[in-house]
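*Asks:* using only what follows, build the 3D model:
(5 chains)
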Amino acid sequence: MQKLAQGIARKAGMVPGTVVHVGDLDRHPVRVTMIEYDAEQAVERDIVDVSECAERHGRGVCWINVEGVHDPRLIEQIGSQFRLHPLLLEDVANTEQRPKLEDYGEHLYIILRMLYERPVPDADDGAVEIDSEQVSIILGSNWVITFLEDPGDVFDPVRQRLRENRGRVRKHGADYLAYALMDVIVDNYFTVLERFGDLAEDLEQEAMAHPTSRTLQEIQDIKRAMIQVRRAIWPLRDVVNVMLRGGSPLIKKATLVYLRDAYDHVVRVVDIVETYREMVGGLMDIYLTNVSNRMNEVMKVLTVIATIFIPLTFIAGVYGMNFDNMPELHWEHGYWYVWGVMIAVGVLLLALFRRKRWL
Amino acid sequence: MQKLAQGIARKAGMVPGTVVHVGDLDRHPVRVTMIEYDAEQAVERDIVDVSECAERHGRGVCWINVEGVHDPRLIEQIGSQFRLHPLLLEDVANTEQRPKLEDYGEHLYIILRMLYERPVPDADDGAVEIDSEQVSIILGSNWVITFLEDPGDVFDPVRQRLRENRGRVRKHGADYLAYALMDVIVDNYFTVLERFGDLAEDLEQEAMAHPTSRTLQEIQDIKRAMIQVRRAIWPLRDVVNVMLRGGSPLIKKATLVYLRDAYDHVVRVVDIVETYREMVGGLMDIYLTNVSNRMNEVMKVLTVIATIFIPLTFIAGVYGMNFDNMPELHWEHGYWYVWGVMIAVGVLLLALFRRKRWL
Amino acid sequence: MQKLAQGIARKAGMVPGTVVHVGDLDRHPVRVTMIEYDAEQAVERDIVDVSECAERHGRGVCWINVEGVHDPRLIEQIGSQFRLHPLLLEDVANTEQRPKLEDYGEHLYIILRMLYERPVPDADDGAVEIDSEQVSIILGSNWVITFLEDPGDVFDPVRQRLRENRGRVRKHGADYLAYALMDVIVDNYFTVLERFGDLAEDLEQEAMAHPTSRTLQEIQDIKRAMIQVRRAIWPLRDVVNVMLRGGSPLIKKATLVYLRDAYDHVVRVVDIVETYREMVGGLMDIYLTNVSNRMNEVMKVLTVIATIFIPLTFIAGVYGMNFDNMPELHWEHGYWYVWGVMIAVGVLLLALFRRKRWL
Amino acid sequence: MQKLAQGIARKAGMVPGTVVHVGDLDRHPVRVTMIEYDAEQAVERDIVDVSECAERHGRGVCWINVEGVHDPRLIEQIGSQFRLHPLLLEDVANTEQRPKLEDYGEHLYIILRMLYERPVPDADDGAVEIDSEQVSIILGSNWVITFLEDPGDVFDPVRQRLRENRGRVRKHGADYLAYALMDVIVDNYFTVLERFGDLAEDLEQEAMAHPTSRTLQEIQDIKRAMIQVRRAIWPLRDVVNVMLRGGSPLIKKATLVYLRDAYDHVVRVVDIVETYREMVGGLMDIYLTNVSNRMNEVMKVLTVIATIFIPLTFIAGVYGMNFDNMPELHWEHGYWYVWGVMIAVGVLLLALFRRKRWL
Amino acid sequence: MQKLAQGIARKAGMVPGTVVHVGDLDRHPVRVTMIEYDAEQAVERDIVDVSECAERHGRGVCWINVEGVHDPRLIEQIGSQFRLHPLLLEDVANTEQRPKLEDYGEHLYIILRMLYERPVPDADDGAVEIDSEQVSIILGSNWVITFLEDPGDVFDPVRQRLRENRGRVRKHGADYLAYALMDVIVDNYFTVLERFGDLAEDLEQEAMAHPTSRTLQEIQDIKRAMIQVRRAIWPLRDVVNVMLRGGSPLIKKATLVYLRDAYDHVVRVVDIVETYREMVGGLMDIYLTNVSNRMNEVMKVLTVIATIFIPLTFIAGVYGMNFDNMPELHWEHGYWYVWGVMIAVGVLLLALFRRKRWL
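*Replies:* Sure thing, here's the model as predicted:
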């Protein structure tokens, strides 16, 4: 059982708005990159000192991507540069958030969770587990800041489109960029869910064909992963819906049609998640039924064997009695007759059980 | 477990609005037909070049039917001809959509799913499975464009009515045609659900009378098919409701009463689906109960047999003892007496078990 | 499993608004009766030709009752006489509708389902099943038309009140008559549900005291009947609510208080149905628990018997061994001693099992 | 299974608004009492003739309490005296109502259900069951009429406060009195629910420690009682909420704060009922699990006994064979050796089973 | 089963607004402390006589903390000092309330439940249970009064911030203080839920690895605790939401952004509670499945042992028969041959069972 409440507890009792990294305490150097673009060009560079962000060339859109949220000082510097609210900064650093949208007037703050697969730490059979990473998107008038927990992201297709001026991204404003980033994250859910489908299918085969107690563990694992995925995706529907209907001046009318499309995608993802949940819920039934059927089969066969031999043993017992006067004992072929009777009884019982389909 | 997320995943990372066929990759030549009609006449023809669509005779309604959505170029041509939004075209080609209605101002975009049965690929017992196909209906001011995934559809009754001027279809505008097309798709659901009812009835009989592990598989199959059907039909209620209340100028007031009727049909379909779902949900219980009752019967009978012979074997064992002084052994008819006792004990136990209804 | 979708499927592909009888195809002559009444008098007569309906005497209310909806021609005649919409007539003839209310401006169309019991076709033990019949009530300015599927109805109390001028029905208009007819149908639900209560009580007793596999079948039957009843009653709540709040000019203010009472009754019926559903849902648990308890009892007794005799058989086996040197065999009363030991062991085990309440 | 629909069925087909007592047909003389009070004094008297109600002294509040609703004539007299609607009177006499609030303009009609315990009719072990009684409160401008089914009520605290001028009741109007009466009924729910908690606790102990088939019956009983209680309490939330927000001029603003408190109490009662329902729902699981665990324990012990003796019997069987050449039989201490082997095998198996915790 | 309704029942029949302590009747001296602060300073003192509260220095905010609600006289004194409504005071003393917010115009009354762990009374294995304590927060124009049930609270971080002027608390008004107090209570939920997660994880391990009947008891305990926690937390969402949107003039606009953050935290707590509930709900399934799997394993092994020896015993029985003419008995090595056959049969059966994975 995952310790859902773990991170927050560490923070209990602090002044609200304190920027404390609540999340896995892995340390990697924080990398900050900045892309400035307009319809004509796109300029990319690495940022060493946050104050460089202010040096803007031209009037295009500026996208600052921060990979790592474990450096409170850096987050606070960016915050003061762009006049972000302390509570917003606190949420950026606290990586156990649910997806949400907050309208701070001059900027919108969007939290999403990116799903990805990673190898199970102590497994050597290539098993993967699904984990999620918090992505913060802050949308200003002509800038977007994104915070990721770890280096490596799913934003490369957007970067490519910016560099190569494919699609509409260079022609639209910051709101379209925010949409495009959300869109690639949502599209990535489909990829992860497809993996899920494969896992669930394999598991169902296993539960049907040869259920073991490992199967039970795996069903529990997939159920829990499903709960995780659902927690990460479900609130996103409201987020996109509020963006669509919230009427923030930061989102231009031309972008609404794209957001509506994104909303549609989120609804489908939620729909798929619910369907998988229902299917995964049924796995336990299949497992239990098959384990029980299998067990019953075994017990039946064993009991049939015992049931056939018990009457035969009785017959042998009868002729093991020591009465003075047991005529059969003195018949010349009595012994063979008894064998005959015993074989006949055995065959008869077997035939009976077979006819009743007990074997 | 069906790979619900499969198609979309292939698309992840593309520019939104890119027309890519996401669906089964079967290739058949795309056929485009066009019917132009007004109250006086109806003219049908095959379209080879999409630009022909523009050559309209008279001021009647024009219905263009495209069978196949795997040719992005063709879809884009039609799109530019009728000024359709790129996101709409993307949805046409992406055949894993849920039913939805989108109002693009100058045209309405309606997605439905048509249900049909098809033989199970690798089955030789005439088994059929239920599949669904995406139908896109685009309703303009005086034209309707429909996109189907595969050749062959349920629209023939509408075509007949257009040709023979039966019913009201020739007298009304494009909105009535769109309604009529939706209506035949919804009516078709009843046909498919009736098949479902037969399948479920047979399955219940089987689960009651002679449940096998194949029954379990079949119950799983019908459950999953039910989920599929529900996913295809459930959102349709909202679609028709929004058409009714959305107040689009494309839908004339005279058509509303028909749409209300269509809404009514959809509500009934949903109601039937829910009832079947409840009934199919009960199948598993019936199956488990019957398997368990059957197993219990078998074990009881076997145990009764063993229980009758164990005391008899004990009696035989007693007279197999080798004590010097066992008077019964030397009685003249001792052997027969023992037989008598053993038969009496056996009959008594049998009678007892029968009276207690254990046999 | 009932073929819920059956009737409609037969209709798929027809022109909307085509009057086709979709329902059981029983043929009996259609009887049409007409009652005209005002505060002074009530005149009843049988209608042979529908055009007679137009010959109205005075300015009172006119109630036309049609018993049978399998004659499309007759329905269409009535339709043209009273200017009813083709879709309304289609719904009258199609007897698989859910309760609904449709406001056609000049008239209201109300569909209810009447519940009644009838003997199970192939049963000889007096078993009854619950079936439902569609009742269409069309309320005009000063007329009411009712369509029933079969002759015989629950409207007699209303007829009596009309004839004998009891209650308020003669003093009010057509809307009160429609209310009165709905009220007797709803009151009838209580009678049917009372029967249901008796059936369920008997079934619970049976499941508690001596569950058989017939009990399982009966539980399934009552569950399914419950689903049927629920489908027939549940949507009625909305129907009456819409009548109350819909603001149709056909329903006078004085009638609203009665409709509110009818709404109250419907809510109680729905409440009772839900309670029964919950109780019937528990029947399966009781059945399974009792079957399993019973089975366990049997297996326990049988196993106890075997467990007592197996050690005894072992003792007998020991003294059946042929060792040269077995002193006990040569004791004078060895045989009786062994009997003593065996009886002691048997009694001890029995006492032990009894003390542990295993017997 | 309780016959929920019973009472109403008896009434089916009557003229709406007919006052017929639908409920238990117990006959006791109906007692009518009247308390008139204002801030100065409170006068109590028994009413023999309903017309006395009109003889009001002063301008205070008048509370008429009627104990018994099986005298339709009396109810109708009161009705005409206070100009109550026939449908209201019908509801007063029909004691199977759900809690509801009806606004008749000049008066409010409130139905509540009072819960009380009573000894189970045919039980001699002091068992009690929970029953409910309908309480009708009619609130006029300066009068309150209450109808109870049976003599004896929970209103005594209110009467005491009226007599002794404790609390605020004498200082406020009729609406506060109605609130005070509702408040004592709701407070009484807590008492009844506390008894419920004790019963459920005892039952859980029983299901945990020594489940019998009587436990199963009792769990069913408490489940059903819970359904009853829920039916009686659940709709009350809406009733009080409508009183709070309904804006009836009969309820003065000063009383609203008390009604809000009453609403709060009702919400807590509903919350407790839901929690108990959840807990009672879990009782069945505990029962089944314990019965099954217990059974398994028994079968395991019995099977272990059999399993130990079967190999021993085999050994004895071996040395009961009659081969000419069986050297062991002729060893001097062969018999004792075999005993040794048999004891060793038995002890070994026992130790093995114990180590595996099978015993 | 906890007696949820217990406390209230003791109060039934009292005048509404009577201040009676309903809760655990533990008696400790009630301690009252007061902190007065503004941006410049914070003065703390112990209050002996409630009238001291009126002696305010300066115009800052005043926070009065009362530890203990079992002294009705004291509560009434505070009530009259601050003009609190009697129903409010009644709720303060009655410690079985659900979280709620009541707007009394001049002050807001907020009830929360603080969760804490405490050692199980009669347990010696360091077991803890989760209990909850009612916290009343009354927010006036420039004062806050808090009532706790017991000495010791989670407010120390806020006190520290007041003393040391850390964070924003000294700079804002009474509404921010109320928010800060709520915030530490909510943060404390995360700590408690983290403990919960650990317990549930341990329990799952136990249910997976070695389920005992104590595990069952513990699962029941954690389920019940979960219900408790849920009851304590769930209504808080509405409370904070109403504070956010209620538009009370007591809550300044600057505080709203903090309340929105608090709301967010509450939503996450509720989300975690729901997720744990789902996971805890699955524990029972895991327990039952593992108990049953374990049991099945045992029975299978035992049955396999019996099944192997029963045929062997039969063979021994055959050669224990006393026929005159049994050639095998006279073979020189007959005895050894039989041993050979018996060992072969045993090994064969064992191998067969192993191959079929029954052992």
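*Asks:* mean confidence (pLDDT) on the longest helix belonging to chain A, please.
*Replies:* Longest helix in chain A, counting residues (DSSP state H): helix A:253-318. Taken as a whole, helix A:253-318 has a mean pLDDT of 88.
*Asks:* stretch A:60-76 too?
*Replies:* The model assigns stretch A:60-76 a mean pLDDT of 90.
*Asks:* can you tell if that stretch touches chain E?
*Replies:* No. Stretch A:60-76 lies out of reach of chain E by C-beta under 8 Å from any C-beta of the partner chain, never closer than 15.1 Å. Backbone N, C-alpha and C define where each C-beta goes, glycine included.
*Asks:* report the buried residues of that stretch.
*Replies:* Residues of stretch A:60-76 classed as buried by neighbour count (16 or more other C-beta atoms under 10 Å in any protein chain shown): A:60-72, A:74-76.
*Asks:* do a quick rundown of the helices in chain A.
*Replies:* A:6-9, A:72-81, A:86-93, A:156-164, A:174-209, A:213-245, A:253-318, A:327-330, A:334-355.
*Asks:* the ones you listed: which one's closest to chain D?
*Replies:* For the helices of chain A, distance to chain D was read as C-beta to the nearest C-beta. The smallest value, 8.6 Å, belongs to helix A:253-318.
*Asks:* and the closest one, how far from the chain's centre?
*Replies:* 20 Å (C-alpha atoms, centre = their mean, to the nearest Å).
*Asks:* what of stretch A:42-61?
*Replies:* Using C-alpha atoms, centre = their mean, the offset of stretch A:42-61 from its chain centre is 36 Å.
*Asks:* now stretch A:235-255
*Replies:* For stretch A:235-255, the distance to the chain centre is 26 Å (C-alpha atoms, centre = their mean).
*Asks:* where are the low-confidence patches of the stretch 101-250 of chain A?
*Replies:* Applying pLDDT under 70 to the stretch 101-250 of chain A flags residues A:121-127.
*Asks:* and the residue nearest to residue A:306 when sequence neighbours are not counted, what does it touch?
*Replies:* Leaving out its chain neighbours, the residue that sits closest to residue A:306 by C-beta to C-beta, 6 or more residues apart in numbering or on different chains is residue E:310, at 5.1 Å. Going by C-beta atoms under 8 Å, 6 or more residues apart in numbering or on different chains, residue E:310 touches A:305-306, A:309-310, A:313, D:310.
*Asks:* between the residues you listed, which is nearest chain B?
*Replies:* When those are compared against chain B (criterion: C-beta to the nearest C-beta), the nearest one is residue A:310, at 4.6 Å.
*Asks:* what separates the closest one from residue B:298, distance-wise?
*Replies:* Counting by C-beta to C-beta, to the nearest Å, the gap from residue A:310 to residue B:298 is 16 Å.
*Asks:* so which bits of the stretch 201-350 of chain A are right by chain E?
*Replies:* Residues of the stretch 201-350 of chain A found near chain E (C-beta under 8 Å from any C-beta) are A:213, A:216-217, A:220, A:223-224, A:227, A:231, A:284, A:288, A:291-292, A:295, A:298-299, A:302-303, A:305-306, A:309-310, A:312-313, A:316-317, A:319-322, A:326, A:328-335, A:338, A:342.
*Asks:* pull out the buried members of the residues you listed.
*Replies:* Using 16+ other C-beta under 10 Å as the burial test, these include A:216, A:220, A:223-224, A:227, A:231, A:284, A:288, A:291-292, A:295, A:298-299, A:302-303, A:305-306, A:309-310, A:312-313, A:316-317, A:319-322, A:326, A:328-329, A:334-335, A:338, A:342 as buried.
*Asks:* distance of the residue in the stretch 1-150 of chain A positioned nearest to chain B from chain E?
*Replies:* Nearest residue of the stretch 1-150 of chain A to chain B: residue A:115, at 11.6 Å (C-beta to the nearest C-beta). Using C-beta to the nearest C-beta, to the nearest Å, residue A:115 is found at 17 Å from chain E.
*Asks:* so what's that residue closest to, chain neighbours aside?
*Replies:* residue A:192 (4.4 Å).
*Asks:* quick check: that neighbour touching residue A:131?
*Replies:* No. Counting by C-beta atoms under 8 Å, residue A:131 is not a contact partner of residue A:192; they are 10.2 Å apart.
*Asks:* need the residues touching each of these two.
*Replies:* With C-beta under 8 Å, 6+ apart as the test, residue A:192 and residue A:131 both reach A:115-117.
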